[in-house]
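Novice: pasting the structure only:
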């Protein structure tokens, strides 16, 4: 079936360093890839997204890259801060299954002051 | 603009009891999603509505779960009877259309004892 794999499951970085989270997807028809940040006990919040006609998108310290050929996309956070600590989820929207969103299993990011 | 509203925020029931969750999407959003998020996992889609019609319910355990969106606005998700493994956070999300950004509600944390 359709799925999205996400790695790593946990990530610890020193404040100021960069963090990279990677996801792969199975359906080559997938065309929309959002990233969500979820703090403990709170709702997932969209932080950045990318569509399949674009290879890279940047918003201040956050960037997402997409490799359609390899069917993977990555989240890059630069100059990490303690408030970046949260669980991050990638997702892929798959038009062949009613535009369903399939989520990765999450990456727990800890930024050490 | 007001966000997605859900109630109740917390619910504790015994197994074999029934429970219902309510969701009010962002005004004007045609697409509504119900997700189940088990602790430590990504959200899993249960059902997706477009206005008052079901787009996808392939992952909804129909022997015990039901959902409706009769007037194409609010939605309710019901579990009857509940099992221990139904303990999770139930997230509602909405988007303007099936290809659009999703906005999540705060979720309902269900504990089945």
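Specialist: Received, thanks. Keep in mind it's a predicted model, so treat the numbers as computed, not measured.

Novice: burial of whichever residue of chain B sits closest to chain A, as a residue count?
Specialist: Nearest residue of chain B to chain A (C-beta to the nearest C-beta) works out as residue B:42 at 3.4 Å. In this view, the C-beta of every residue, glycine as well, is placed from N, C-alpha and C. Residue B:42 has 22 neighbours, counted by other C-beta atoms under 10 Å in any protein chain shown.

Novice: State the pLDDT value of the residue lying closest to residue A:67 once chain neighbours are set aside.
Specialist: Distances taken as C-beta to C-beta, 6 or more residues apart in numbering or on different chains place residue A:73 nearest to residue A:67, at 7.0 Å, with adjacent residues excluded. Looking at residue A:73, its pLDDT reads 97.

Novice: phi, psi of residue A:73?
Specialist: Per-residue torsions, residue A:73: phi -140, psi 150 (degrees, to the nearest 10).

Novice: before we move on, what about residue B:19?
Specialist: Main-chain dihedrals, residue B:19, degrees, to the nearest 10: phi -150, psi 150.

Novice: Quickly note the distance from it to residue B:48.
Specialist: Distance, residue B:19 to residue B:48, using C-beta to C-beta, to the nearest Å: 21 Å.

Novice: Pick out whichever of the two has more residues nearby.
Specialist: In this view residue B:19 and residue B:48 are compared by other C-beta under 10 Å, and residue B:48 has more residues nearby, 27 against 19.

Novice: what is the rounded mean pLDDT of the helix or strand where that one lies?
Specialist: According to DSSP states H and E, residue B:48 maps onto strand B:44-50. Throughout strand B:44-50, pLDDT has a mean value of 94.

Novice: again, but for stretch A:106-113
Specialist: Here stretch A:106-113 scores 96 as its mean pLDDT.

Novice: what about it, near chain B?
Specialist: Yes - on the criterion C-beta under 8 Å from any C-beta of the partner chain, stretch A:106-113 is in touch with chain B at residue A:106.
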